[in-house]
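Colleague: Please work out how this folds:
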Amino acid sequence: MDSWTPPRRERTRNGAWMRVWFCFYGLVLGLVGGCTPDREKAERFRNPLEVGVDRMEGVDWWFYSQGKVKAHAVAGRAAWHRNQDRLDLYDGLRVAFYDAAGTRILSRLTAEGGRRDSKKGILEARGRVVANNTAGDTLFTERLFMEEATGRVYTTGPVRIRTPRELLMGEGLEANRDLSQYRILKLKGSVRWGDRS
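Modeller: Numbering: from 1, shown residues only. Below is the predicted model:
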């Protein structure tokens, strides 16, 4: 019995379709099989799309003025709101402020998060704010603001300042950018330690 063999042109056309089908099938299996149920990463995509918001992870910024380093900021995540000209920082914030030459760190700040309002020129650190200077003074508060143009640092909330010789407690604070000079607006108490001379 003789078998029928399709012409060569028909065989290549059917073979091409078979190759396309196998490639498509392999691609679908690869995509479905390659997905892992990582709930933490999937949660980010459940939020509705926000127009005009750029999201970033692993943020590392260097701020310069006239070619010299002024500050270095690191945050876990950030969201830039283009319409409001505002930057929100999340998942931990660390900032180092430099001297006028841009070579030596004068003060450091850590907080849970923060915000930079470009229109007003105000930086805000919030949530367990801890700032210290080169003299060994450490400031504790919940919210701390800094005016970019003047370098004035302030808060209206409760503050504690621990120095090498005493602990100061009060409400409200005004200071310069590197925290070398500060004033508690309503001093509520102080505790001294060290030698009693």
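
Colleague: Strands of this structure, start to end?
Modeller: Per DSSP state E, the chain carries strands over the ranges 53-65, 68-81, 86-98, 105-111, 113-117, 122-133, 138-147, 153-162, 166-175, 182-192.

Colleague: between the fifth one and strand 122-133, how many degrees?
Modeller: Strand 113-117 runs at 130 degrees relative to strand 122-133, counting by axes from the mean of the first three to the mean of the last three C-alpha atoms, to 10 degrees.

Colleague: Same question for the third one.
Modeller: Computed with the same axes, to 10 degrees, the direction of strand 86-98 lies at 30 degrees from that of strand 122-133.

Colleague: Not counting its own residues, what contacts strand 86-98?
Modeller: 59, 68-81, 104-119, 125, 177-178 (C-beta atoms under 8 Å, 6 or more residues apart in numbering). Where C-beta positions appear, they are placed from N, C-alpha and C, glycine not excepted.

Colleague: that older thread, any chance of the strands of the chain in TSV, plus mean pLDDT and mean neighbour count?
Modeller: Shown next, in TSV, are those (pLDDT from 0 to 100; neighbours: other C-beta atoms under 10 Å):
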stretch	mean pLDDT	mean neighbour count
strand 53-65	86	13
strand 68-81	89	18
strand 86-98	91	19
strand 105-111	93	19
strand 113-117	91	20
strand 122-133	93	19
strand 138-147	94	19
strand 153-162	94	18
strand 166-175	93	18
strand 182-192	88	13
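
Colleague: what's next to stretch 178-188, contact-wise?
Modeller: Residues from elsewhere that reach stretch 178-188, judged by C-beta under 8 Å, 6+ apart: 97, 99, 106-107, 131-135, 137, 139, 153, 156, 159, 161, 168-176.

Colleague: Output the strands of the chain in JSON lines, with distance to Arg19 appended to each entry.
Modeller: Formatted as JSON lines, these follow (distance: least, C-beta to C-beta, whole Å):
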{"stretch": "strand 53-65", "distance to Arg19": "40"}
{"stretch": "strand 68-81", "distance to Arg19": "44"}
{"stretch": "strand 86-98", "distance to Arg19": "48"}
{"stretch": "strand 105-111", "distance to Arg19": "58"}
{"stretch": "strand 113-117", "distance to Arg19": "53"}
{"stretch": "strand 122-133", "distance to Arg19": "58"}
{"stretch": "strand 138-147", "distance to Arg19": "64"}
{"stretch": "strand 153-162", "distance to Arg19": "68"}
{"stretch": "strand 166-175", "distance to Arg19": "71"}
{"stretch": "strand 182-192", "distance to Arg19": "74"}
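
Colleague: For Arg115, which non-adjacent residue is spatially closest?
Modeller: Leaving out its chain neighbours, the residue that sits closest to Arg115 by C-beta to C-beta, 6 or more residues apart in numbering is Glu124, at 4.5 Å.
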